[in-house]
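S.K.: Fold the following and give me the result.
(2 chains)
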Amino acid sequence: MSERGELEVSVPPGEALDLPPRPPARRITLNERRAQQVIATGGGDWAEVTARAHAAGDDELMVVNMGPQHPSTHGVLRLVLELRGEEVVSCQPVAGYLHTGIEKSAEYRTWIQGVTFVTRMDYLAPLFNETAYCLAVERLLDVEAPPRAQALRVLLMELNRIASHLVWIATTGMELGALSMMLYGFREREQILDILEEITGLRMNHAWVRPGGVSQDMPEGTDDKIRAFAREMRAKADEYEDLLTHNPIWMERTSGVARLEQERCIELGVTGPMLRAAGLAHDVRRAEPYCGYEQYDFEVPVAEGADAYSRYQVRVAEMRESLRIVEQVLESLPSGPIMHPDPKIGWPARLALGPDGLGNSPEHVRHIMGESMEALIYHFKMVTEGFKVPTGEVYVPVESPRGELGYHVVSDGGNLPYRVHVRDPSFVNLQAVPDMVVGGLVADVIAALASVDPVMGGVDR
Amino acid sequence: MQPPDAIQPVLTGLHERFPEAGVQVGGHRGEVTVELDRSHLVAVATWLRDHPAARFRLLSDLCGTDYPERPDRIAVDYHLYSLDHNMRLRLKVRVSVEDPHVPTVTAVWPTANWHEREVYDFFGVRFDGHPNLVRILMPEDWEGYPLRKDYPLGGVDVQYQDAHVPPPDTRRYKGGWTST
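M.R.: Numbering: from 1, shown residues only, chains lettered A, B, ... in the order given. So this is what the prediction gives:
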């Protein structure tokens, strides 16, 4: 006998029987559910995940595993979704599939070698990682890079920002069914990568920004190429807006979707275009200028919608602002050295293309081998041992395409970093995904995730 | 170094409001560090978030560092940012590995959730009251806490012709690359 005094009968499935109305399942709040759920990165826990969902007492609930190999998870991100029909009841992101231990590895290489590690984290914004790391090292050393190096950093960072936003608009377009946008976005990004390759030698993972300056000066004629690109890119941005801004399908998929209000953004630490799309004009470039950003005239675009469409508007406007900064840098590019003059800090050699490939320039080799014993010693010390950095700890933020990218760097006075911690904006912003998708439709999960623009290389580090 | 003027009222207020919290103010390169006892962390954090002179509403970053030579070897740093006053502050709490307990600040700044999981993952700090304290980047059955200084980097000895290169974690430059 059950509590209600009715006889309990086992009913084979499919047979009709008048059952008393089921007592309403206690609705488990999202926080409670998150607290209960431990989802394994290693997988193999599917039976447990579904059993827990089943124990919530809701037969309508379906658990869907999205990722880690899903075309619209922007890399290896796993989302465990609980769905009631089309409605998302809960969402739990699982990260860690791309963990490479960069923070640990950086502790075993010299300060200069650290650049080659950090540039591989957020692979769509390598120059921001390099600059933030080098600014942190420079602050610990209490030195500043020369003005030309600072201006070149700004130039390349802004080009990089456009490239990153282009990848965002391309992939988001692809995921939401605007396939031409993908072709356009990658087409223009390729032009930027060509420019970056011409200056740094590499398309990605440049290791071009170094503590004390930059490794290579801009070659002759590249500034004209950048000017031509900036002119062309303005027209291209108009083209994107023609394609998307009033496109009914695009608006249907993005406007009102994945809302995250300003207050909640701040609570969750969300920065960058997501915060600006919620109406707060916060930009590290403006609030705490670095690399001489205060000299350049640019707007901080904001939108009020706090949804995926507003984030699109902000990012397109940011591309235009970046073009403005790029043009201003080219106009006002100071001459002079690109590396700190102190031979105990500045990397001495320039690279040059010789008959047997890329290497130290013949002038430098002649100088250290034939002319100056002192220069040879400095070169040798710098290449083998690097430099020592005074004891201390700093936190340096920069405005990356995804938000505040912060480097917490600790030195114990040695020639190796004691600790390098990266506050990657993707990592923090990804945490907001459940807030944006719960209560929405499953198709909007794609739009929400795309509007965050996470880069898993940065999330997992 | 003297802390920047804007933050001075906050530091004075902290001393007055929490005289028993063991607040120590330090500064380096213009950055202000406030070291305090873990038992007052949540109260201080709430005060810093809500007080009109402080308004540190954004927790930028939360991370750990291991100093094995100290008895309280794990330092947990909270990098706060005040959107209203455009200033930064670092809170620092130190714990030992024998008693690695720090109260969670997820109730003060919900963003701390993943950061605390990360610090737990890499340093083994237990954040008491955290809603879901499990590893976040390493596999959940991983043993040890990889970013502690006594955790080896790994890697293999390399022999190349007559040269011998030790694995990266034992490599130190002492007039030549040698093992420590």
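S.K.: The longest helix belonging to chain B - contacts with which helices or strands?
M.R.: Counting by DSSP state H, the longest helix found in chain B is helix B:112-123. Helices and strands touching helix B:112-123, by 3 or more CB pairs under 8 Å, 6 or more residues apart in numbering or on different chains; DSSP states H and E, are helix A:425-430, strand B:58-66, strand B:74-82, strand B:126-128. (Each C-beta comes from the backbone N, C-alpha and C, glycine too.)
S.K.: Recalculate using a threshold of 7 Å.
M.R.: Applying 3 or more CB pairs under 7 Å, 6 or more residues apart in numbering or on different chains; DSSP states H and E, one finds that helix B:112-123 makes contact with strand B:58-66, strand B:126-128.
S.K.: can you list contacts of that helix?
M.R.: Outside helix B:112-123, the residues that touch it by CB atoms under 7 Å, 6 or more residues apart in numbering or on different chains are A:427, A:431, B:59, B:62-64, B:66, B:74, B:76, B:104-106, B:125-127, B:130-131, B:133-138, B:145-148.
S.K.: Could you turn the buried ones of these into a PyMOL selection?
M.R.: Here is the PyMOL selection string for the buried members of the contacts of helix B:112-123, based on 16 or more other CB atoms under 10 Å in any protein chain shown:
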select buried, (chain A and resi 427+431) or (chain B and resi 59+62+63+64+66+74+76+104+105+106+125+126+127+130+131+133+135+136+137+138+145+146+147+148)
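S.K.: got any ranges where chain B has weak pLDDT?
M.R.: Low-confidence segments of chain B (pLDDT under 70): B:1-4, B:155-180.
S.K.: at 80 instead, please
M.R.: B:1-5, B:21-23, B:27, B:152-180 (pLDDT under 80).
S.K.: Tell me the residues on it that lie near chain A, please.
M.R.: B:28-29, B:31, B:57-61, B:63, B:65, B:77, B:79, B:83, B:86, B:90, B:109-111, B:113-114, B:131-132, B:134, B:136-141, B:146-147, B:153, B:168-169, B:171, B:173 (CB under 7 Å from any CB of the partner chain).
S.K.: who's in contact with stretch A:154-165?
M.R.: Residues outside stretch A:154-165 that contact it (CB under 7 Å, 6+ apart): A:124-125, A:127-128, A:131, A:189, A:192-193, A:195-196, A:199, A:233, A:291-293, A:315, A:318-319, A:322, A:325-326, A:329, A:401.
S.K.: for chain A, longest helix please?
M.R.: Using DSSP H to define each element, chain A has its longest helix at helix A:147-175.
S.K.: which of the residues in the helix or strand following it are buried?
M.R.: Under the assignment DSSP states H and E, the closest C-terminal helix or strand after helix A:147-175 is helix A:179-200. Within helix A:179-200, the residues scored as buried using 16+ other CB under 10 Å are A:181-182, A:184-186, A:188-189, A:191-193, A:195-196, A:199-200.
S.K.: Nearest to chain B among these?
M.R.: Nearest to chain B among the buried residues of helix A:179-200: A:Thr200, at 25.6 Å, using CB to the nearest CB.
S.K.: Hmm, that closest one is touching A:Trp208, no?
M.R.: Yes. Assessed by CB atoms under 7 Å, A:Thr200 is found in contact with A:Trp208 at 3.8 Å.
S.K.: Now list whatever residues contact both of those two.
M.R.: A:Gln216.
S.K.: what ranges do the helices span in the stretch 301-450 of chain A?
M.R.: A:308-332, A:362-366, A:373-384, A:425-430, A:433-437, A:442-452 (DSSP state H, counting those that start in this stretch).
S.K.: Highest mean neighbour count out of those helices?
M.R.: Compared across those, helix A:425-430 shows the largest average neighbour count, a mean of 28 (mean count of other CB atoms under 10 Å in any protein chain shown).
S.K.: Does anything pack onto that one? Which helices or strands?
M.R.: By 3+ CB pairs under 7 Å, 6+ apart, helix A:425-430 packs against strand A:403-411, helix A:456-460.
S.K.: what is the rounded mean pLDDT of it?
M.R.: For helix A:425-430, mean pLDDT is 92.
S.K.: Can you give the contact residues for it?
M.R.: A:93, A:95, A:122, A:269-272, A:274, A:400, A:402-405, A:452, A:454-455, A:458-459, B:111, B:114.
S.K.: closest point of chain B to chain A, which residue?
M.R.: B:Thr111 (3.1 Å).
S.K.: Give me the phi and psi angles of the nearest residue to that residue once chain neighbours are set aside.
M.R.: Using CB to CB, 6 or more residues apart in numbering or on different chains and skipping residues adjacent in sequence, the residue nearest B:Thr111 is A:Gly269, 3.1 Å away. The phi/psi pair for A:Gly269 (degrees, to the nearest 10) reads phi 70, psi 20.
S.K.: ditto for B:Phe18
M.R.: phi -120, psi 70.
S.K.: shouldn't it be in contact with B:Ala45?
M.R.: No. If you go by CB under 7 Å, B:Phe18 and B:Ala45 don't touch, sitting 11.0 Å apart.
S.K.: Can you point out the buried residues in whichever strand or helix holds B:Gly13?
M.R.: Counting by DSSP H and E, the element that carries B:Gly13 is helix B:8-17. By 16+ other CB under 10 Å, the buried positions in helix B:8-17 come out as B:Val10, B:Leu11, B:Leu14.
S.K.: Next, format those as a markdown table and append distance to A:Asp224.
M.R.: Formatted as a markdown table, those follow (distance: CB to CB, whole Å):
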| residue | distance to A:Asp224 |
| --- | --- |
| B:Val10 | 50 |
| B:Leu11 | 52 |
| B:Leu14 | 55 |
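S.K.: Give me the local confidence score for the residue in the stretch 251-400 of chain A positioned nearest to chain B.
M.R.: Relative to chain B, the nearest point of the stretch 251-400 of chain A is A:Gly269 (3.1 Å; CB to the nearest CB). Listed pLDDT for A:Gly269 reads 91.
S.K.: list the contacts for A:Cys291?
M.R.: By CB under 7 Å, 6+ apart, A:Cys291 lies in contact with A:Thr131, A:Gln150, A:Arg153, A:Val154.
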